[in-house]
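1. Requesting a structural model of the entry that follows:
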Amino acid sequence: MKFVLLFSLYLVFCKSDSLTFQSLNKFLDARKIDTSNIKIDLYKKNENSSIYIPKNPDKDRISDFIVSEKEITRIKKKSRDYKTSPLRDDELVILNTSKGTIKIKLYNDIAPNHCYNFKKLCNSGFYDHTSFHRVVRNFMIQGGDILTRDKDRDNDGTGSPGWNIDNEFNKINHKRGIVSMARSSDINSAGSQFFICTNDSYFLDEKYTVFGEVVDGMDIVDAISKVPTDRDLRLQTSNVKIPDNEDVNNWIKVTDYDMKKDLFYKIPIGENASSFRNLVVKDLRSKNPYRRIEIKKARVYVQKN
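-> Next up, the predicted model:
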């Protein structure tokens, strides 16, 4: 019976690009069909956005190269002890990502300590198999956290190499393609996390250290910036109100402060309302790509003609 239902739904979606995940939910609810134990393997575009409903929901959410806390400590020590040569003018950063290759020219004359630190992290292998854990459309993509290699997605964005670099704020504008170092509220807390601007972001000028610029592969950066995030996918399943004839006790209301509006979600069968609310709130706050975007390898090489 479940197979017949799945197959029927698959045919419906294949024949109509105008149907969304929300309209599917309405279709099922109207017929009182319980799909709590059914996984629908679809990947269809929402007609009002560039977001896609994922198929195989659990696939590629964490690294294929998961490491333990002990191994992370070993990687940090290896990078700390790694001795790299001073940056040369003809060297480029080559980031091989799961979306393609990004090439970066470092501004050694502008931010020498940051450039040396970045080369040290690249060539010691620190960035290998980390991911871009924060994606903000029309703003930037952020990566470089070693904790994106463990099995806990909730700590992504909280890691460091174990040391900090004092700021080297400069006059370079945060224009599209600029590479800059992420930090906390402490202006001298930059470590390994970096971001690439996808739009001009001059409000960041002289508040974050610019240390490079993408010279090839901005199409890859743009592609990464458009991938669906946890937030995007959670928004897809929201409602602007509780549908008529629904039991309000089966729904939760969550205020989304980014959009400044209330959203409503139906509590899945068998789930606790409080736990489900916490999950929804967490997802709405997350800019982490729903599917992992990996930095497969990062190295600084001499540019070849």
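2. hey, what's the nearest residue in space to Met181 that is not next to it in sequence bridged with?
-> With Cβ to Cβ, 6 or more residues apart in numbering as the criterion, Met181 has its nearest non-adjacent residue at 4.0 Å, and that residue is Ala190. Any C-beta I mention is one placed from the backbone N, CA and C, and that applies to glycine too. When bridges are called by DSSP bridges, Ala190 pairs up with Ile165.
3. can you pull the buried residues of stretch 132-140?
-> Neighbour counts over stretch 132-140 (16 or more other Cβ atoms under 10 Å) mark 132-136, 139-140 as buried.
4. Also stretch 182-196?
-> 182-183, 189-196.
5. Return the closest of these with respect to Tyr107.
-> Phe194 (12.9 Å; Cβ to Cβ).
6. What does the pLDDT read for the residue lying closest to that closest one once chain neighbours are set aside?
-> Leaving out its chain neighbours, the residue that sits closest to Phe194 by Cβ to Cβ, 6+ apart is Gly144, at 4.9 Å. Here the pLDDT value assigned to Gly144 is 98.
7. Could you pull up the residues touching Gly144?
-> Gly144 makes contacts with 121, 127, 130, 182, 192-194, 295, as judged by Cβ atoms under 8 Å, 6 or more residues apart in numbering.
8. Quick check: the two most widely separated of those?
-> Ala182 and Ile295 (14.6 Å).
9. if we can go back for a sec, so the residue nearest to Met181 sits right up against His114, yeah?
-> Yes: shown here, Ala190 and His114 form a contact pair, counting by Cβ atoms under 8 Å, at 7.1 Å.
10. Can you work out which residues contact both of those two?
-> With Cβ under 8 Å, 6+ apart, Ala190 and His114 have common neighbours 165, 181, 209.
11. what about the last one, distance to Gly143?
-> It refers to Thr209. Noted for Thr209: a distance of 16 Å to Gly143, by Cβ to Cβ, to the nearest Å.
12. again, but for the first one
-> Taking Cβ to Cβ as the criterion, Ile165 is separated from Gly143 by 17 Å.
13. tell me the contacts of the residue nearest to Met181?
-> With Cβ under 8 Å, 6+ apart, Ala190 has these contacts: 114, 164-165, 167, 181-183, 209.
14. Ok, Phe139 next?
-> Contacts of Phe139 by Cβ under 8 Å, 6+ apart are 197-199, 201, 225.
15. need the strands for this structure, in chain order.
-> Taking DSSP state E as the criterion, the chain contains strands spanning 91-97, 100-106, 130-136, 140-143, 178-181, 194-197, 210-216, 251-256, 261-266, 294-302.
16. out of the ones you listed, nearest to Gly157?
-> strand 130-136 (5.3 Å).
17. Determine the set of other helices and strands touching that closest one.
-> strand 140-143, helix 218-225, strand 294-302 (3 or more Cβ pairs under 8 Å, 6 or more residues apart in numbering; DSSP states H and E).
18. and if we set it to 10 Å?
-> strand 91-97, strand 140-143, strand 194-197, helix 218-225, helix 230-236, strand 294-302 (3 or more Cβ pairs under 10 Å, 6 or more residues apart in numbering; DSSP states H and E).
19. Can you lay out those as TSV showing distance to Glu246?
-> Output for the helices and strands packed on strand 130-136, formatted as TSV (distance: least, Cβ to Cβ, whole Å):
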stretch	distance to Glu246
strand 91-97	43
strand 140-143	39
strand 194-197	42
helix 218-225	37
helix 230-236	19
strand 294-302	41
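20. Could you dump the strands of the chain into a markdown table with distance to Leu235 added?
-> Below are those laid out as a markdown table (distance: least, Cβ to Cβ, whole Å):
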| stretch | distance to Leu235 |
| --- | --- |
| strand 91-97 | 25 |
| strand 100-106 | 27 |
| strand 130-136 | 14 |
| strand 140-143 | 19 |
| strand 178-181 | 28 |
| strand 194-197 | 23 |
| strand 210-216 | 29 |
| strand 251-256 | 8 |
| strand 261-266 | 8 |
| strand 294-302 | 24 |
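21. And those strands: which comes nearest Thr229?
-> Closest among these, using Cβ to Cβ: strand 130-136, at 5.7 Å.
22. Report the strands that pair with the closest one, each with its relative direction.
-> strand 140-143 (antiparallel), strand 294-302 (antiparallel).
23. what about the last one, average pLDDT?
-> For strand 294-302, the per-residue pLDDT values average out at 97.
24. in that strand, what's buried?
-> Those would be 294-295, 298-300, for strand 294-302 by 16+ other Cβ under 10 Å.
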